[in-house]
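*Asks:* one predicted model, sequence on top.
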Amino acid sequence: MDKEKNLLRSCLRTLEILEALSCGKELGVTEIGKYTNLHKSTVYRFLDTLEHKGYVTQNPETGKYKLSFKILNLGFNLISNMDIRTVARPFMEDLARKTGETVYLTMIDAGQIIYIDKVNFTENLQTFHKVGDKNFVHCTASGKAQAAFLPEEEFDYIIQKWGLPKQTKNTITDIDVLKKQLDKVKALGYAIDNRESEDDVMCVASPIFDYTGNVVASLSISGPITRINLEKINRDYSQLILKAAADISRELGCLDPRKYIRK
């Protein structure tokens with residue numbers, strides 16, 4: 001039992017030292033000791049071990065320590081193995097409960113959006129797309145939420161390949177008008193489909209970013225125009241979708257998803 005306690009104490013001390021160094025700047029032994037309440041000799045022993053294993057490096061000029069890229073690899077390996085659907089699912093379920101509407105998770109694939117997951121508030125709720133369905137980028141909130149944050153050449157490829165086909169009387173078919181709307185999406189952090197894909201459906205979506213800061217998916221709330229209108233979207237649903245998408249982004253390693261939004 002004593003051995004187990006000692007091992008646990010050692011683990012705790014190691015983690016405390018790593019947490020101290022996670023501030024992002026080099027720290028000396030005295031500074032680390034103050035943060036961890038450990039004696040300098042103890043800090044030295046732990047740092048020697050961490051340096052031997054490659055998790056910290058010492059600046060030969062200052063004698064101070066910092067985290068190495070090896071410890072970043074641990075996080076990157078974890079993130080790269082995450083299934084975005086697994087990460088997003090609890091947030092989707094929460095949104096569906098709060099709104100009573102259908103919540104979708106989509107990604108862009110070959111220039112179109114693909115619905116990779118959905119959650120209905122109830123099993124009897126009318127849904128508009130099933131998992132695996134595809135749709136155009138320019139006329140969907142999910143597509144516009146991602147397109148606004150794509151590199152220009154990738155956006156141009158999508159338009160060249162698929163054009164701007166008219167789906168309803170509200171579909172944007174002018175590229176200049178679409179670009180202006182995407183600028184607005186960048187500023188607000190969410191996109192709206194105002195009956196642009198289907199005559200009787202409205203939708204709001206927000207982008208999801210990964211640890212590299214790239215947009216990788218979008219989260220959306222969809223419902224019939226009998227229940228959803230622009231006032232409800234801008235007043236209520238926009239804030240819900242912004243928060244949920246940002247929370248998912250953080251789970252994927254994006255520390256500050258809001259910084260990509262020009263608000």
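*Replies:* Yes, it's here. Residues are numbered from 1 along each chain as shown.
*Asks:* thought Leu21 was touching Tyr65?
*Replies:* Yes: counting by Cβ atoms under 8 Å, Tyr65 is a contact partner of Leu21 at 6.4 Å. Where you see a C-beta, it was placed from the backbone N, CA and C, and this is true even at glycine.
*Asks:* identify the contacts common to these two.
*Replies:* Shared contacts of Leu21 and Tyr65, defined by Cβ atoms under 8 Å, 6 or more residues apart in numbering, comprise 27, 32, 56.
*Asks:* what's whichever strand or helix holds Glu51 in contact with?
*Replies:* In this structure, Glu51 sits in helix 40-52 according to DSSP states H and E. By Cβ under 8 Å, 6+ apart, the surrounding residues in contact with helix 40-52 are 13-14, 17-18, 29-30, 32-33, 36, 38, 56-58, 65.
*Asks:* likewise for stretch 199-206?
*Replies:* With Cβ under 8 Å, 6+ apart, stretch 199-206 has contacts from 104, 106, 128, 140-142, 144-145, 168-169, 189-195, 197, 218-226, 228-230, 233, 237-238, 241-242, 244-246.
*Asks:* ok, 6 Å please
*Replies:* For stretch 199-206, contacts defined as Cβ atoms under 6 Å, 6 or more residues apart in numbering pick out 128, 141-142, 145, 168, 189-193, 218-222, 224-225, 228, 233, 237-238, 241-242, 245.
*Asks:* ok, of those, which come out buried?
*Replies:* 128, 141-142, 145, 189-193, 218-222, 228, 233, 237-238, 241-242, 245 (16 or more other Cβ atoms under 10 Å).
*Asks:* go through those and flag which are in helices.
*Replies:* Among the buried ones among the contacts of stretch 199-206, the ones falling in helices (DSSP state H) are 141-142, 145, 238, 241-242, 245.
*Asks:* format those residues as a markdown table; extra columns: pLDDT and distance to Lys179.
*Replies:* Output for those, formatted as a markdown table (pLDDT from 0 to 100; distance: Cβ to Cβ, whole Å):
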| residue | pLDDT | distance to Lys179 |
| --- | --- | --- |
| Ala141 | 97 | 16 |
| Ser142 | 97 | 18 |
| Ala145 | 97 | 15 |
| Ser238 | 94 | 21 |
| Ile241 | 97 | 22 |
| Leu242 | 96 | 22 |
| Ala245 | 96 | 22 |
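*Asks:* of the residues you listed, which is the nearest to Pro151?
*Replies:* Ala145 (15.6 Å; Cβ to Cβ).
*Asks:* tell me the spacing between that closest one and Pro60.
*Replies:* 48 Å (Cβ to Cβ, to the nearest Å).
*Asks:* any idea where the helices of this protein begin and end?
*Replies:* So, for the chain - with DSSP H - the helices run 2-21, 29-36, 40-52, 69-80, 84-99, 141-147, 152-162, 175-188, 230-232, 238-251.
*Asks:* and the protein, split by domain according to the record?
*Replies:* Domain assignment for the chain by automatic domain parsing gives 2-78, 82-260.
*Asks:* most packed of those?
*Replies:* Mean neighbour count (mean count of other Cβ atoms under 10 Å) peaks for domain 82-260 among the domains of the chain, with a mean of 18.
*Asks:* distance from the chain centre to it, please.
*Replies:* Offset of domain 82-260 from its chain centre (Cα atoms, centre = their mean, to the nearest Å): 13 Å.
*Asks:* check what pLDDT Asp210 gets.
*Replies:* The score at Asp210 is 89. That number is its pLDDT.
*Asks:* beta partners for Thr57?
*Replies:* Lys66 (DSSP bridges).
*Asks:* I figured it hits Ser68, correct?
*Replies:* Yes: taking contacts as Cβ atoms under 6 Å, Thr57 lies within contact range of Ser68: 4.9 Å.
*Asks:* one step back: lowest average pLDDT across the helices of the chain?
*Replies:* It's helix 69-80: among the helices of the chain, that one has the lowest mean pLDDT, namely a mean of 67.
*Asks:* got the phi and psi for Lys166?
*Replies:* phi -80, psi 120 (degrees, to the nearest 10).
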